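J.: This is a predicted model, with the sequence first.
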Amino acid sequence: VWLYTSVAADYDGARWLPHFIKHYSDLGIAKENFLLVLNHNPNATNLAHGETPLEDCIAVLDKAGIKYYLWLDQYSSEKLYKIRLTLLNTVDKNDWIVHADSDEFHDYGVKSVIKFLEKAEKEGLNEVKGVYVDRSNLQRTCSFSGGVY
């Protein structure tokens, strides 16, 4: 099982990354199976948080041992689409890919997305759609059943 996401370094990327990494790792996705696009606009002058958003994100990813595709340019959905296809085409066509925004925390009703998808596959499914739990609050923290995460 693979996990695809894109992270906007200039918009709270470093704040969400530790929670995102922990959440999906806890669901059973191996860190070497993260397909992560890290976007930073080198010409950005109105940074949402901090003066070193790219460096902050890289520090989080390096500490977690997660490889990433670095995209240095102004965000464009068309450019991201091309990058996404390039990354997704590196995965075997029969593998599962979880697609989550970096501030989305999927809830599969079980502790292992691997077991969930194995069951879906046994039932003949090749796509699963569902809802995600938006766990952010005004303080930009994530609250889970075990307290603040």
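T.: That came through, no problem.
J.: Looks to me like P18 is in a helix.
T.: Yes - P18 forms part of a helix when assessed by DSSP: H, G, I helix; E, B strand; the rest coil.
J.: Would you quantify the distance from it to N94?
T.: The gap separating P18 from N94 is 31 Å, by CB to CB, to the nearest Å. From N, CA and C alone the C-beta is placed, and that goes for glycine too.
J.: where in the chain is pLDDT low?
T.: Scanning the chain with the threshold set as pLDDT under 70 gives 45-50, 131-149.
J.: in it, which spans are strands?
T.: 2-8, 34-40, 69-72, 97-99, 105-106, 132-133, 143-144, 147-148 (DSSP state E).
J.: from memory S102 sits against F20, does it?
T.: Yes - counting by CB atoms under 8 Å, S102 touches F20, with 5.3 Å between them.
J.: Now the common contact residues for the two.
T.: Both S102 and F20 are contacted by T5, under the criterion CB atoms under 8 Å, 6 or more residues apart in numbering.
J.: neighbour-wise, which of the two wins?
T.: Per other CB atoms under 10 Å, whichever of S102 and F20 has more neighbours is F20, with 25 against 22.
J.: Tell me who's in contact with that one.
T.: Residues counted as contacts of F20 (CB under 8 Å, 6+ apart) are T5, A100, S102, D103, F105.
J.: ok, which pair from those is furthest apart?
T.: T5 and F105 (11.3 Å; CB to CB).
J.: Not counting its neighbours along the chain, what's nearest H99?
T.: Among residues not flanking H99 along the chain, Y4 sits closest, at 5.0 Å (CB to CB, 6 or more residues apart in numbering).
J.: got it, and E121?
T.: Looking at E121 with CB to CB, 6+ apart, the closest residue is W96, at 7.7 Å.
J.: before we move on, back to that, from the contacts of F20, which is closest to N89?
T.: T5 (16.5 Å).
J.: Let me see the contact set for the residue lying closest to the closest one once chain neighbours are set aside.
T.: Excluding its sequence neighbours, the residue lying closest to T5 (CB to CB, 6+ apart) is S102, at 5.0 Å. S102 makes contact with T5, S6, V7, A8, G13, W16, L17, F20, according to CB under 8 Å, 6+ apart.
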